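# For reference, the sequence and a predicted model appear below.
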Amino acid sequence: MEQSLRDLETAVTRLAADQPFALSWMIRTVGTGEVIGEDATRAVASFSTRKVSVLLACLALVETGELSLEDRSVITEEMKDGVQAGIMRNLSAGISLSLRDSLLQMMSTSDNICTQLVFAAIGSVRPDPLQWVNDYCAWMGLHATLHREIFPRTGDLTWSHSLDTLTTTTARDQSRLLEKLGRGCVDDTAAAQLMLSVELCAFAREAMLGLFTPALGVACTQIRFAEKNGRGLRSLSQVGLALSASGVPLAAVAAYAENIPTQLPSGLPGRVAVFDLFAELGLAVQEWARGR
């Protein structure tokens, strides 16, 4: 393992050790097979980081021609019930969106109405859309990831909720998928392993670059992150693909903070401390990228 990667491992381990919450994380360099991490096989609630695999599983059906990015669906009033994330819940029912629009909003604003539309599109060509996504994850080697719901009613959860009814994953699984995506953006064979084309891999990358609430890349000036967030009552998560200024994929990053206290002894809100850590993690990856 190159020295700069060892330095990155030391830096992130130190960041995690200083926090009063549990952090599971993994970083994979794209194309080299080098991996660093800690507690990366611990099962955690995926929340909206699950949408990366939903995005790719849907695009696999676009690749076969069974779906088109121009297919259209209509938002119904029933789809708004219980939805907390996104912008479509504030708009009138009856709006028609293309699959392209739904995928982009699912990733950029984490819109859960658009997520329902994406699952409906998958369901139009597969008898069980949730099973299709689970099968896709299994094919990609995400053997610790289990999608249990199309629309999680997170507003009904308490801080001490169980994971039994939620989609669960691991930092190892999510970093594996993102590393595959990074390779797929630049290599036809790697893209085919995702059941996609290079062009559709690039579409997924661009969708993740449009995230409205970046965390890993929020303070970076020399690299970018194509990323997705996850938000729970007691957890926050961020997964992302680090890219050079010219767009070359560098590393896949997955970080899951669990059992976050509402407040630190210093008075700082616990969730603010997690966002600070995610930003520091992104900066540490940037420092590693500079030293490669």
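Thanks, I have it. Keep in mind it's a predicted model, so treat the numbers as computed, not measured.
# Packing partners of the strand or helix carrying S175?
When elements are defined using DSSP states H and E, S175 is found to belong to helix 171-184. Counting contacts by 3 or more CB pairs under 8 Å, 6 or more residues apart in numbering; DSSP states H and E, helix 171-184 packs against strand 22-29, strand 35-38, helix 51-64, helix 188-193, helix 198-209, strand 236-244, strand 249-258. The way it works is simple: take the backbone N, C-alpha and C, and place the C-beta from them, glycine included.
# same thing but 6 Å
If you count contacts as 3 or more CB pairs under 6 Å, 6 or more residues apart in numbering; DSSP states H and E, helix 171-184 packs onto strand 22-29, helix 188-193, strand 236-244, strand 249-258.
# Give me the buried stretch members for the second one, please.
When burial is assessed from 16 or more other CB atoms under 10 Å, helix 188-193 yields the following buried residues: A190, A191.
# packing partners for that helix?
If contacts are counted by 3+ CB pairs under 6 Å, 6+ apart, helix 188-193 sits against helix 171-184, helix 198-209.
# How far does that helix sit from its chain's centre?
In terms of CA atoms, centre = their mean, to the nearest Å, the centre of helix 188-193 is set 20 Å apart from its chain centre.
# circling back to that earlier point, packed most tightly, which of the helices and strands packed on helix 188-193 would that be?
Using mean count of other CB atoms under 10 Å, the stretch among these with the largest mean neighbour count is helix 171-184, at a mean of 26.
# Give me the angle between it and helix 51-64.
40 degrees (axes from the mean of the first three to the mean of the last three CA atoms, to 10 degrees).
# Helix 171-184 relative to strand 236-244, how many degrees between them?
Going by the same axes, to 10 degrees, helix 171-184 makes 30 degrees with strand 236-244.
# where in the stretch 101-250 of the chain is pLDDT low?
153-155 (pLDDT under 70).
# Convert stretch 112-126 to CSV, retaining C-alpha atoms only.
Output of stretch 112-126 as CSV, limited to C-alpha atoms (Å, rounded to 0.1, in the frame of the first residue of the first chain):
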residue,chain,number,x,y,z
ASN,A,112,-39.2,10.4,-2.5
ILE,A,113,-42.1,11.0,-4.9
CYS,A,114,-39.6,10.6,-7.7
THR,A,115,-38.2,7.5,-6.0
GLN,A,116,-41.7,6.0,-6.1
LEU,A,117,-41.9,6.9,-9.8
VAL,A,118,-38.6,5.2,-10.5
PHE,A,119,-39.8,2.0,-8.8
ALA,A,120,-43.0,2.3,-10.7
ALA,A,121,-41.0,2.4,-14.0
ILE,A,122,-39.0,-0.7,-13.0
GLY,A,123,-42.3,-2.3,-12.0
SER,A,124,-43.7,-1.7,-15.5
VAL,A,125,-41.2,-4.2,-16.9
ARG,A,126,-40.4,-6.4,-13.9
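# In it, which residues are buried?
N112, I113, C114, T115, Q116, L117, V118, F119, A120, A121, I122, R126.
# on that earlier part again, present the helices and strands packed on helix 188-193 as TSV; the columns should include distance to A40.
Compiled in TSV, those are given as follows (distance: least, CB to CB, whole Å):
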stretch	distance to A40
helix 171-184	4
helix 198-209	20
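# Quick one: closest of those helices to R234.
Closest to R234 of the helices and strands packed on helix 188-193 is helix 171-184 (CB to CB; 16.9 Å).
# who touches that closest one?
Residues outside helix 171-184 that contact it (CB atoms under 6 Å, 6 or more residues apart in numbering): 24-26, 28, 30-31, 40-41, 140-142, 144-145, 190-191, 194, 201, 239, 241, 249, 252, 254, 256.
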